[in-house]
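K.L.:
Return a 3D structure for these sequence lines:
(2 chains)
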Amino acid sequence: AQSVAQPEDQVNVAEGNPLTVKCTYSVSGNPYLFWYVQYPNRGLQFLLKYITGDNLVKGSYGFEAEFNKSQTSFHLKKPSALVSDSALYFCAVRDEITGGGNKLTFGTGTQLKVEL
Amino acid sequence: NAGVTQTPKFQVLKTGQSMTLQCAQDMNHNSMYWYRQDPGMGLRLIYYSASEGTTDKGEVPNGYNVSRLNKREFSLRLESAAPSQTSVYFCASSGERGRNQPQHFGDGTRLSIL
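P.N.:
Predicted coordinates:
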C-alpha cells in the first residue's frame, strides 16, 4: 500500500528564515506526490505536485518541493518564511483508481509556526 | 464560483441519531470524495465516487453510506451516530483532465456525537 510519513508534528522557524517541512514516501511504481496546506477552520488547499520530470517543483505562495528518489523524500521548502505561512501542512501520495479520479493517502500533518 | 460547498458547518447529535452531510461542487468535476480528519491522524478516506453513478469504499467506511445524487452532489449519511464518529468531515472533488489533478476541498462539517 502507498503511504507517506511526516516525521515532525511541529516545525518552528523565525520569519525571514528558510523553512523545510519533511515528507518521506513508500510506493510501488512511480510516485505521484502532493502538498496541501490547511488554515484554521478551513479545508485543504493545494500547493504543488510532483508527477515526473524536474526534481524541484515550484508551487503556490512561493513554496517549492524537492523530490529525491534515492531517499524517497519530498520535502517542502520556502526560502524566506512569513508569519502568514503558519498553518498545518499535509503531504499526500496518489493511489490510482479505476474509472478516473485519484485516491490520496495523507500524512499525519506538520504544524508550521513562524514567529517574528 | 463557490467551489465545494458543504452543509451544515456544525452539528451536534445524540448517539443513535441519523443525519446526512451534503456536498455540492460547481466545477463540473467527475470525481468526489469524503474524508474525516481526526487529531494526529491526518485525513482518512471514507468513500469516493470516481464518476457519476459509481461509489466505492475508502479506508474507513464502516458506519457510513454515500449517495452520488448527480454530477454535482455527493452526500454522506450516518445511519446511527456513535461517539467515535465525532470528527471534522471534508468533501473534495477533482477534475477529469487526467488522474493527477489536485483535489479541491470544502471547508468541512464539524460533527459532535454526544
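
K.L.:
Name the spans of chain B whose pLDDT lies under the cut-off.
P.N.:
B:1, B:96-99 (pLDDT under 70).

K.L.:
now the strands for it?
P.N.:
B:4-7, B:10-13, B:19-25, B:31-38, B:42-49, B:56-57, B:64-68, B:74-78, B:87-94, B:104-105, B:109-113 (DSSP state E).

K.L.:
okay if I get the ones you listed as CSV plus mean neighbour count and distance to chain A?
P.N.:
Using the backbone N, CA and C atoms, a C-beta is placed for each residue, glycine as well. Shown next, in CSV, are these (neighbours: other C-beta atoms under 10 Å in any protein chain shown; distance: least, C-beta to the nearest C-beta, whole Å):
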stretch, mean neighbour count, distance to chain A
strand B:4-7, 18, 7
strand B:10-13, 14, 10
strand B:19-25, 19, 11
strand B:31-38, 24, 3
strand B:42-49, 22, 4
strand B:56-57, 14, 7
strand B:64-68, 18, 12
strand B:74-78, 20, 12
strand B:87-94, 24, 6
strand B:104-105, 21, 3
strand B:109-113, 18, 8
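
K.L.:
Distance of the residue nearest to the spatial centre of chain B relative to B:Ser93?
P.N.:
For chain B, the residue sitting closest to the mean C-alpha position, by C-alpha atoms, centre = their mean, is B:Trp34 at 2.8 Å. Here the criterion is C-beta to C-beta, to the nearest Å. By it, B:Trp34 lies 11 Å from B:Ser93.
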